[in-house]
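Visitor: sequence plus the predicted model coming up.
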Amino acid sequence: MCGICGILGKSDRPELENNLQVMTRSLSHRGPDDEGVFLDEHSDIGLGHRRLSIIDLSSAGHQPMHSQDKRFTIVFNGEIYNFLEIKQELKDYPYRTHTDTEVILAAYAKWGEDTPRHLHGMFAFAIWDHAEKTLFLARDRLGIKPLYLYQNESTILFSSEIRSLLASNLVPRKLNMDALDDYLGYQTVHAPDTIIRDVKMLMPGHSLLINRKDPQGFISKESFGQNLAGLAYWDPLSAYRKDVADFPKERIQKDIYELLYNAVEKRLIADVPFGAFLSGGIDSSIVVGLMSRMSSQTVRTFSVTFNDSTYSEAPYAEKIANRFKTEHTDIRLTPEDFLHELPMALEAMDHPSGDGPNTYVVSKVTRNAGITMALSGLGGDELFAGYDIFTRSIKLNQFRWLTGFPKFVRSAIGASLQKVRPSVATDKLRSLLELKNWKLSQTYPISREVLLESDRMSLLGGNDGRINKVSSMLEELEQYDSFEQLASLSKVSIAELGSYLQNVLLRDTDQMSMASALEVRVPFLDHELVEYVLGVADSHKYPSTPKKLLVEATGDLLPDDIVNRKKMGFQLPWQKWLKNELFDFGSDRINRLSERELLTPSAVKGLWQQYLGNDPRVTWSRVWPLIVLEEWMEMNHVDA
């Protein structure tokens, strides 16, 4: 795992070199093992790389790496799990290393822009073609590895991190005001947009070819934006296995076990010590169990626990560690410990988010224990209907007949419920009752909202015709017959994959783990497993028991008390800490944010007071993103 960056179109060579050096150095935490910079003598491009050595630890893995004939130069972040198979297929290439990086070069020489379709793994890479003067950028199918881009009138920059782009001093440190509603609603900004004005993300499963020989195409921002949205080599809606719907239950269970087993096995390829995050929940426990079945060495596991039994998953993690005889590290966290770590966790945050510090803590301890690569159970909930939002969506579909009542009747029912039982859930229920229809594009965005539209309007001073990004994404999908043919639970899975998973969980996992130079691999997001499970009918997948299909597919791997335990989620005790040990920290940031000409000051302070006053409609997750936003803007010198 590494950090990559590059600049195309900067004609002043000393400035190009200086800007590139600064960008590359800002990524040092992602790759402490090596650094490399390349400047093309015959063109206005520079590439930078920081290396975290995982496969082929020798100096032969140095990047930027050149093809044997010097035509192609690559910077690569990620892991290609089928690189040995590709290497065997492309055996005529004169390999000089044992790296997966060189295999990508061989693949590009053979397949060109079609290369990403042949790669199994998590990746973001850039290849400069010296002959054609083209820059090819690609990102993995599920968006596990990030790639940020910026373009002005003459220059294009890309990097693994936004802060690297800002460090170049070529990117204005201006907040994307159009993205504020998105951030407040979902504790993130959905790709391709980001929190910084004019900084975009290459979308998952997309590639981008920039032709330096075509000045008009190069400098056109409109063309650039269209390319970001239009060059898809993979998407779950086109790729899911339609044949699986008719398979018998026994075959589905067998296939899923084999696909998951292979996914874990592929992700154990490494030349460094590895381990796993273990919460004691179903997903991480299955990953650890499969690792123990196939690994010849004792698996090392790590979990965060608390003295407060309400939040601590220690007994469950310990049970799994004992069952599979792992070498387990219990990271016991007190409020004082976390208060000490919090500034460093927020400093590690490349893009503001309402989540992430928990991953920072477990990653830091894991790395300090000598582990360079760890497996995670991330993605299991999204694929196997592990969240309440899956069953809620099914129930909403069953009660769609309620939309036949006049709106004023439905609204009155919702208002009555709010008075009787005020809570976030009843606020959302009223919003649902007031909808014209209960299509997924209408119900899912409300179910996933952190702050409801009325709260956001108060903070932003009105609506101004803002578009809900999550609704837009799903409305577009609903135009396709292949989406309508999907099982209901799989529709929710695609919504989860395209919103919460990619834009919160995966981005947080990347930025927080790489802050400690720890590579995290996610077997549940193996694209072949994803394609298969999305094709499974609801009758096999419906979670009448927790993640029913996944548990049945793995047989007796887990004990019943782990399978049937109450889902806790990997969370810190924020609700309690923000009113006690972290009160001063939070209050100070809220006050500073209210002083900016960004949000309505009275609304910001009012939300904080509602939280402190134990208003059941304002939980910690409604105010924490505001605290993070202020801290992030101040640390990164970003203003409106």
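Guide: Perfect, I can see it now.
Visitor: these two touch, right, residue 134 and residue 208?
Guide: No: counting by CB atoms under 8 Å, residue 134 does not reach residue 208; the two are 10.3 Å apart. C-beta coordinates here come from the backbone N, C-alpha and C atoms, glycine included.
Visitor: right, and the helix or strand after the helix or strand bottoming out on mean pLDDT in the chain?
Guide: The weakest-scoring helix or strand in the chain, judged by mean pLDDT, DSSP states H and E, is helix 221-230 (a mean of 45). Note on helix 221-230: by DSSP states H and E, the next helix or strand toward the C-terminus is helix 236-239.
Visitor: show me the beta-bridge partners of residue 135.
Guide: residue 128, residue 210 (DSSP bridges).
Visitor: related to what we said a few turns ago, compare residue 134 and residue 208 and say which one has the larger neighbour count.
Guide: Shown here are residue 134 and residue 208; by other CB atoms under 10 Å, residue 208 has more neighbours (22 against 17).
Visitor: ok, for the more buried one, nearest residue in space, not its chain neighbours?
Guide: Using CB to CB, 6 or more residues apart in numbering and skipping the chain neighbours, the partner closest in space to residue 208 is residue 137 (4.5 Å).
Visitor: what's in contact with the helix or strand where the one you found lies?
Guide: Assessed by DSSP H and E, residue 137 sits inside strand 134-139. Contact with strand 134-139 is made by 6, 8, 45, 108, 113, 115-116, 123-129, 145-147, 149, 156, 158, 202-213, 233, as judged by CB atoms under 8 Å, 6 or more residues apart in numbering.
Visitor: list the helices and strands the helix or strand that it is followed by packs on?
Guide: Following strand 134-139 in sequence order, the next helix or strand is strand 148-151 (DSSP H and E). Strand 148-151 sits against strand 156-159, helix 162-167, strand 199-201, helix 221-230, with contacts defined as 3 or more CB pairs under 8 Å, 6 or more residues apart in numbering; DSSP states H and E.
Visitor: so what's residue 527 up against?
Guide: Applying CB under 8 Å, 6+ apart, the residues near residue 527 are 120, 141, 142, 234, 239.
Visitor: returning to what we had before: with only the CA atoms kept, save the strand holding residue 137 in CSV.
Guide: What follows is strand 134-139, C-alpha atoms only, in CSV (Å, rounded to 0.1, in the frame of the first residue of the first chain):
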residue,chain,number,x,y,z
THR,A,134,-1.3,10.1,-22.4
LEU,A,135,-2.0,9.7,-18.7
PHE,A,136,-4.1,6.8,-17.8
LEU,A,137,-5.8,6.8,-14.3
ALA,A,138,-7.8,3.9,-12.8
ARG,A,139,-9.5,3.0,-9.6
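Visitor: buried residues, that strand. List them.
Guide: By neighbour count with 16 or more other CB atoms under 10 Å, strand 134-139 contains the buried residues 134, 135, 136, 137, 138, 139.
Visitor: any chance of those in JSON lines, plus pLDDT and distance to residue 185?
Guide: Shown next, in JSON lines, are the buried residues of strand 134-139 (pLDDT from 0 to 100; distance: CB to CB, whole Å):
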{"residue": "134", "pLDDT": "92", "distance to residue 185": "38"}
{"residue": "135", "pLDDT": "94", "distance to residue 185": "34"}
{"residue": "136", "pLDDT": "95", "distance to residue 185": "34"}
{"residue": "137", "pLDDT": "96", "distance to residue 185": "29"}
{"residue": "138", "pLDDT": "96", "distance to residue 185": "30"}
{"residue": "139", "pLDDT": "96", "distance to residue 185": "25"}
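Visitor: for the residues you listed, please prepare TSV with the additional fields distance to residue 585.
Guide: Formatted as TSV, the buried residues of strand 134-139 follow (distance: CB to CB, whole Å):
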residue	distance to residue 585
134	48
135	43
136	44
137	39
138	40
139	35
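Visitor: wait, a strand at residue 38?
Guide: Yes: applying DSSP: H, G, I helix; E, B strand; the rest coil, one finds residue 38 inside a strand.
Visitor: out of everything not next to it in sequence, what's closest to it?
Guide: Take residue 38 and drop its neighbours on the chain: the residue closest to it by CB to CB, 6+ apart is residue 64, 4.0 Å away.
Visitor: same check on residue 195?
Guide: residue 189 (5.2 Å).
Visitor: equivalent analysis for residue 103, please.
Guide: The spatially closest residue to residue 103, leaving aside those adjacent along the chain, is residue 83, at 4.2 Å (CB to CB, 6+ apart).
Visitor: which of the contacts of strand 134-139 are buried?
Guide: Among the contacts of strand 134-139, those classed as buried by 16+ other CB under 10 Å are 6, 8, 45, 108, 113, 115-116, 123-129, 145-147, 149, 156, 158, 202-210, 212, 233.
Visitor: next one: residue 555 from residue 257, what distance?
Guide: Distance check for residue 555 against residue 257: by CB to CB, to the nearest Å, it reads 7 Å.
Visitor: neighbour count winner among the two?
Guide: residue 257 (18 against 9).
Visitor: wait, what's in contact with the closest residue to that one other than its chain neighbours?
Guide: Closest residue to residue 257 apart from its sequence neighbours, by CB to CB, 6+ apart: residue 553 at 4.8 Å. Contacts for residue 553 (CB under 8 Å, 6+ apart) come out as 252, 253, 254, 256, 257, 260.
Visitor: who are the contact partners of the fourth one?
Guide: By CB under 8 Å, 6+ apart, residue 256 lies in contact with 529, 532, 533, 549, 550, 553.
Visitor: so how far is residue 48 from the residue positioned nearest the centre of the chain?
Guide: Central residue of the chain (CA atoms, centre = their mean): residue 506, 1.8 Å from the mean position. For residue 506, the distance to residue 48 (CB to CB) stands at 23 Å.
Visitor: coming back round to it: ramachandran angles for the residue nearest to residue 103?
Guide: phi -70, psi -30 (degrees, to the nearest 10).
Visitor: residue contacts, it?
Guide: Taking CB under 8 Å, 6+ apart as the test, what residue 83 contacts is 55, 99, 100, 103, 104, 121.
Visitor: restricted to buried residues, select these in ChimeraX.
Guide: Buried members of these, identified by 16+ other CB under 10 Å, are gathered into one ChimeraX selection as follows:
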select :55,99,100,103,104,121
